[in-house]
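Enquirer: Take this sequence and fold it.
(chains A and B)
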Amino acid sequence: MISISEVLETNKMIEQENFDVRTITMGISLLDSADPDVDRMIGKISSKIERCAGDLVRIGDEISAELGIPVVNKRISVTPISLIGGQLRSEADFVRIAEALDTCAANTGVNFIGGFSALVAKGMTPADEMLIRSIPAALSRTERVCSSVNVGSTRQGINMDAVRLMGQVIRETAENTADRDGLGCAKLVVFCNAPDDNPFMAGAFHGVTEPDVVINVGVSGPGVVKAALEECRDADFEELCEMIKRTAFKITRVGQLVAEEAAARLQVPFGIVDLSLAPTPAIGDSVAGILEEIGVEKAGAPGTTAALAMLNDQVKKGGLMASHYVGGLSGAFIPVSEDQGMIEAVEEGALTLEKLEAMTCVCSVGLDMIAIPGDTPAATISGIIADEMALGMINQKTTAVRLIPAIGKTVGDSVEFGGLLGHAPVMPVNRFGCERFVSRGGRIPAPVHSFRN
Amino acid sequence: MEMQRTIITVVGKDAVGIIARVCTCLSENNCNILDISQTITGGYFNMMMVVDLSNSSKQFMEMRKELHDLGEKIGVEIHVQSEEIFNKMHRI
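Expert: Residues are numbered from 1 along each chain as shown, chains lettered A, B, ... in the order given. Predicted coordinates:
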C-alpha cells in the first residue's frame, strides 16, 4: 500500500514545485483532406479535426481532476499543410487554411494548433514555397496557429535557399505583428531534423510516418528536479546524477499514466511521451535554476554547457524506463523568454547568444525564444539559422531556431508576450554580416555518415 | 482507471474533530475507509485515507467537490485523487 510520505511527496511536487503535465497533444492526419477547391478543403479539415478532437479538452480536464495534477495545455498537431496543399493556387489560399485551423482550435478549445508547416530539407515544391511565403500573413491573422519549417537534416543536408527565405519570413512576421512585440515569431520555428511526433509547440506537426490520429504527451518539471537537487548540495556527480534520474523517472511515469488514460478515453492510439524539461516563467520552474543548483553562479558561466549536458543525459536515462514509448524532442529546453533564470542571466550579462548556441549542442532544442534587435538584417537571421542547422545536421540531433526581431527596439529593451511565452530582453547580435554567404543559394550537402573520428 | 481506490489527503492546522468531520462526510455518502494514517509536523496536521468509492452514493467528481467544500469550511485542504498516480510514481 502507498505510504503517507509517498503521497505527500507527490503532492508537494505538484503544489510547491510546479510539477505538471505540460501538454496532451492530439496528432491528426489531414492527408485525407486534400482538395483542389479551397472551400471544400476547409470543410474536410474542419470536420476531421472537430470529429477527432471534440472531446480532447474535456477528457484532459477530467484526467487532471481525477489524478490531482494540472494538465496545462491541450493541443492539436496536424499534417504539414504544404503536403496537402499541392493543388492550392495562391498564398492567399494558404492563409485561408491557417484561418480555418485557427477556427478549429477555438471550436475545440485547444490553445494551440501546430502544423502550418513545410518540410523542405532538400528542396521546395511550389506548395512548400507558397506556404512559407504566406507565413507572415497567416501568423498575423491567427491567434492559435503555430508554424514550422524543416530546412535541414543529417540525411539530406541544409537547404540554403529555404534558410535565406526564412530569414526574410521571420523579419516580415515580426513586422506584421510589431504591435504585439513580434508575437507571430513566437509561433514560428525553423528546424533541422524535426521529429514527426513532437507534442510541444510551436514546432509540433503530425508527421507522415504517424497513424491517422495519435496522442502524445509532454511532461515538465524543472522545479521538481531543482528541489530534489537542493537536497544534495554537497554531493558528488555520482549522487547528483542518481537523484536526477530518480526524479525524471517519477515525473515521466505520471506522463505515461496521463498518456495512457487520454488514449484509452479518446479511443486513439498512444504515441509517445516526450521527456523534455520544459520551463515556465513561474518562479522556481526554471532550467537555469537547475544549472545554478548544480553549481554555476549564473546560467552561461563557464561549466554551464557541461552541467546542461549531464542534466539532459540523466533526464533521458531516468525517463526512458518510465515510458513505453519515448519520442518527440526529449531533452532540456532552454528558451530564454519562458525561463525566469535565463532572463536574469541575460540581463546580468552572464548569457550570450554564442553561449546559448554552444548549449544547444548538448540539449534540445535550439536558439529558442530569443529577442534580437529590430534592425537585424534578414541575412544575419539566416546566418544564425544556418549555424544552428549545421549543429543539428552534423550532430544528428534536432535543432531549432525561434528568434523574435523586436521591431523598433534594441539591446536594453525587452519584449513582452505574457502567459507561458513570458518576456525577453533584447540580446545583442554579432554586427558583422554574412550577406554573401547567405546569397549563394543551393544546398549544403549531407555530411558523411562514417569516419566519425 | 480503477477508480475504486481513492486517496484523500487532509492538510492543515491541527484542530479538534478534523478526522471526525471527514469520516462523517464519507459515511454519509457510503464511502468505505480502507486505511488511515496521519502525522503532525510543526503543528500541521497531515492525514491520508485510502477510500473505496465504488458503493458511494455520489460520483467521483461530486465527492471531490463535497470534500473540497468541507475542507474550506473547517479550514484545511482536502485533496481527492485516484490512487493510480501514486502507484505509478512510486512503484515499478
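Enquirer: drop to CA atoms for contacts and neighbour counts, all remaining ones
Expert: Noted.
Enquirer: Spatially, what comes nearest to the residue in the stretch 151-300 of chain A positioned nearest to chain B if we skip its sequence neighbours?
Expert: Of all residues in the stretch 151-300 of chain A, the one sitting closest to chain B is A:Lys250 (4.9 Å; Cα to the nearest Cα). Computed as Cα to Cα, 6 or more residues apart in numbering or on different chains, the closest residue to A:Lys250 that is not its neighbour in sequence is B:Met89, at 4.9 Å.
Enquirer: Which helix runs longest in the chain?
Expert: Just so you know, I chose chain A. Across chain A, the longest stretch assigned as helix under DSSP state H is helix A:237-266.
Enquirer: To clarify, I was referring to chain B.
Expert: helix B:60-74.
Enquirer: which residues in chain A form strands?
Expert: A:21-28, A:71-78, A:112-119, A:145-153, A:157-159, A:188-192, A:213-219, A:270-274, A:366-373, A:399-406, A:414-416, A:423-425, A:443-444 (DSSP state E).
Enquirer: got a markdown table for those, with mean neighbour count and distance to chain B too?
Expert: Conversion of those to a markdown table gives the following (neighbours: other Cα atoms under 10 Å in any protein chain shown; distance: least, Cα to the nearest Cα, whole Å):
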| stretch | mean neighbour count | distance to chain B |
| --- | --- | --- |
| strand A:21-28 | 29 | 12 |
| strand A:71-78 | 26 | 13 |
| strand A:112-119 | 28 | 27 |
| strand A:145-153 | 29 | 32 |
| strand A:157-159 | 25 | 41 |
| strand A:188-192 | 29 | 34 |
| strand A:213-219 | 29 | 13 |
| strand A:270-274 | 27 | 15 |
| strand A:366-373 | 26 | 30 |
| strand A:399-406 | 28 | 31 |
| strand A:414-416 | 19 | 35 |
| strand A:423-425 | 25 | 34 |
| strand A:443-444 | 18 | 46 |
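Enquirer: if we can go back for a sec, show me what the longest helix of chain A packs onto, helices and strands only.
Expert: Other helices and strands packing on helix A:237-266, by 3 or more Cα pairs under 8 Å, 6 or more residues apart in numbering or on different chains; DSSP states H and E, are strand A:21-28, helix A:56-67, strand A:213-219, helix A:222-230, strand A:270-274, helix A:304-320, helix B:84-90.
Enquirer: Adding distance to B:Ile8 and mean pLDDT, write those out as CSV.
Expert: Below are the helices and strands packed on helix A:237-266 laid out as CSV (distance: least, Cα to Cα, whole Å; pLDDT from 0 to 100):
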stretch, distance to B:Ile8, mean pLDDT
strand A:21-28, 21, 96
helix A:56-67, 11, 97
strand A:213-219, 24, 96
helix A:222-230, 22, 93
strand A:270-274, 28, 96
helix A:304-320, 28, 95
helix B:84-90, 12, 94
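Enquirer: Out of those, flag the one nearest A:Val145.
Expert: Closest to A:Val145 of the helices and strands packed on helix A:237-266 is strand A:21-28 (Cα to Cα; 13.9 Å).
Enquirer: Adjacent strands (with direction) for that closest one?
Expert: Strand A:21-28 has the following strand partners under DSSP bridges: strand A:71-78 (parallel), strand A:213-219 (antiparallel).
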